[in-house]
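Enquirer: here is a sequence together with a model predicted from it:
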Amino acid sequence: GGGCSPRVRCSGAGALRGYAQKYFQFASINLEKRLQMMRDFGIISVERFVHDHVQTLKEETMNKKFEKLGFYPADILLPKGQDMHKWAVVACDQFTSEPEYWQAVEETVGDAPSTLRLILPEANLKAPNVDEYIENINNAMRKYLADGVFETLHDSLIYIERQQSDGKIRHGLIGMVDLDAYDFTPGSGALIRATEGTVLDRIPPRAKVRRNAPIELPHVMLLIDDPDKTVIEPLTAAASGMEKVYDFDLMQNGGHIRGFKLSDKQIDAVANALEGLTTDEAMQKKYNVSGVAPLLFAVGDGNHSLATAKACYEEQKKGKTPEEYLALPARYALVEVVNNHDDALQFEPIHRVLFGVDRKKFMDAFRAAYPNAYEGKGDGHTIEFVWDGESHFITVPDPKVQLAVGTLQSVIDQYLKDNGGEVDYIHGDEVTRELGSKEGNMGFLLPAMGKEQLFKTVMADGVLPRKTFSMGHASDKRYYMEARKIR
């Protein structure tokens, strides 16, 4: 925290700006003198002055609340008068081994303004012309801003209802987080923490896209542990009376999405409810710990995107005074917040497929790592291996780590280091079986992790092995919709 906060704007020099703020400077002057100054300025309406003055005090109070939470309302950019069905596309890290999916998206979008032009699908991360691709993305962002594609919802939070492919509705809240309150270091005491190991070499290619980008589009989903449903769920009950900002079907079987703008009163209630989740009493009740740094947000999806935003902000800090860097728009990142207790939220396992692998060599490496492993299902960690269209089960009794994914991942990492080959992380049993059965490949199917384990594990162990779980199927992931200026 500290420095300028986003609801009270400031320049690098710290000069107060904005209509109401001008008057805020008069707070220490007696009323008579103040009114005289107002008349000198040619301001006649005392009611207007009082209204603005009270409004500023309210914003100051509300801002103090959000400052403690590392989460704020944002100036949110939404497309204005566009074909929304073509605008919103799925998170860039989905369907990485299915180029035909992205080809279908390309055909749907055509020449229409779309977030497809503002993101780099990870299927293209290794393309030979990737730098040109990134330059086109940044140019498209600038063009959309110049052409008035967006309208701005100032100081806003958006409540969203996302109908998934299973028909269930997932509820979320769009706002921005303070990257100074986020730390992906395992075991950190930050308010916002990573749930899985962050692979540092996955940050530079993503940083290339963000470094010169004038805007950001998030697919980051943060989870809150709110068993009493105090933060988001009251908005569900109020939605019919809220201002609707979009309502449409998503492409490629993505379901349906609706967005609603929160009133000031609702924003205030969200701040109070989030604050309630950070109390020592809440920590005792949920995790049987006291006197520890509270964990408010756990990154559910888009950990590397958030880590990239943090890395780019740290780059921009260099050579600046705290007053200057705390005022940077890049200090914040747009996110969607979801309650871990939302009934529609399901944790799916993320499977593995190895490409260019010598199966015998891999199985020898696995048995060398776990000499007591045996074929078949049993007590301990059971993993399904797939090759040539056949499934085989191997069980590791008395595992050293909490989850089966940890047991498998350490062998995969070592094998690739020693022998080469590639691994991809796959959502969905059928796709894993299909890819794993191809010549030179192996598939590994892992059991799902119970979502009730997530916050307790992060509190106790720091982080999970990378790519442990996924929130829902690929087509149910966040679609890019909202944007925010980051410079």
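Expert: Now that the structure is in, tell me what you want to look at.
Enquirer: quick one, what contacts the closest residue to Pro99 other than its chain neighbours?
Expert: Spatially, and ignoring its direct neighbours in sequence, Pro99 is nearest to Ala123 (5.7 Å; C-beta to C-beta, 6 or more residues apart in numbering). From N, CA and C alone the C-beta is placed, and that goes for glycine too. Ala123 sits next to Phe95, Thr96, Ser97, Glu98, Pro99, Trp102 when contact means C-beta atoms under 8 Å, 6 or more residues apart in numbering.
Enquirer: on the three-state scheme, Cys223 is what?
Expert: Just to correct that, residue 223 is Leu rather than Cys. Under the three-state scheme (DSSP: H, G, I helix; E, B strand; the rest coil), Leu223 adopts strand.
Enquirer: quick check: beta-bridge partners of it?
Expert: Beta bridges link Leu223 to Ala298, Val338, judged by DSSP bridges.
Enquirer: check the offset of stretch 315-329 from the chain's centre.
Expert: 23 Å (C-alpha atoms, centre = their mean, to the nearest Å).
Enquirer: export that stretch as CSV, just CAs?
Expert: Extracted C-alpha coordinates of stretch 315-329, given in CSV (Å, rounded to 0.1, in the frame of the first residue of the first chain):
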residue,chain,number,x,y,z
GLU,A,315,10.6,-3.5,-14.5
GLN,A,316,8.7,-0.2,-14.7
LYS,A,317,9.6,0.7,-11.1
LYS,A,318,13.3,0.9,-11.8
GLY,A,319,14.8,4.4,-11.5
LYS,A,320,11.5,5.8,-10.1
THR,A,321,10.7,7.2,-6.7
PRO,A,322,8.0,5.4,-4.6
GLU,A,323,5.7,8.4,-5.3
GLU,A,324,6.2,7.9,-9.0
TYR,A,325,5.9,4.1,-9.2
LEU,A,326,3.0,3.8,-6.8
ALA,A,327,1.0,6.0,-9.2
LEU,A,328,1.7,3.8,-12.3
PRO,A,329,-1.4,2.1,-13.9
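Enquirer: surely Arg193 is in contact with Phe297?
Expert: Yes - between Arg193 and Phe297 there is a contact under C-beta atoms under 8 Å: 7.4 Å.
Enquirer: can you point out the buried residues in the helix or strand where Ile160 lies?
Expert: Assigning secondary structure by DSSP states H and E places Ile160 in strand 158-163. With burial defined by 16 or more other C-beta atoms under 10 Å, the residues of strand 158-163 counted as buried are Ile158, Tyr159, Ile160, Glu161, Arg162, Gln163.
Enquirer: the residue nearest to Lys477 when sequence neighbours are not counted: how many residues sit nearby?
Expert: Leaving aside its sequence neighbours, Lys477 sits nearest to Ala91 (C-beta to C-beta, 6+ apart; 4.5 Å). When neighbours are counted by other C-beta atoms under 10 Å, Ala91 registers 22.
Enquirer: who touches the strand or helix carrying Arg258?
Expert: Following DSSP H and E, one finds Arg258 within strand 256-261. Applying C-beta under 8 Å, 6+ apart, the external contacts of strand 256-261 come out as 88, 153, 156-163, 174, 235, 239, 242-250, 479, 481.
Enquirer: partners of Thr152 in the sheet?
Expert: For Thr152, the residues forming beta bridges with it (DSSP bridges) are Leu77.
Enquirer: check what pLDDT it gets.
Expert: pLDDT, Thr152: 97.
Enquirer: dump the residue contacts of Asn339.
Expert: Asn339 sits next to His171, Leu223, Ile224, Asp226, Lys229, Val231, Ile232, Glu233, Leu345 when contact means C-beta under 8 Å, 6+ apart.
Enquirer: what is the burial count for the residue nearest to it when sequence neighbours are not counted?
Expert: Once flanking residues are discounted, Asn339 sits nearest to Asp226: 4.8 Å by C-beta to C-beta, 6+ apart. Using other C-beta under 10 Å, Asp226 has 23 neighbouring residues.
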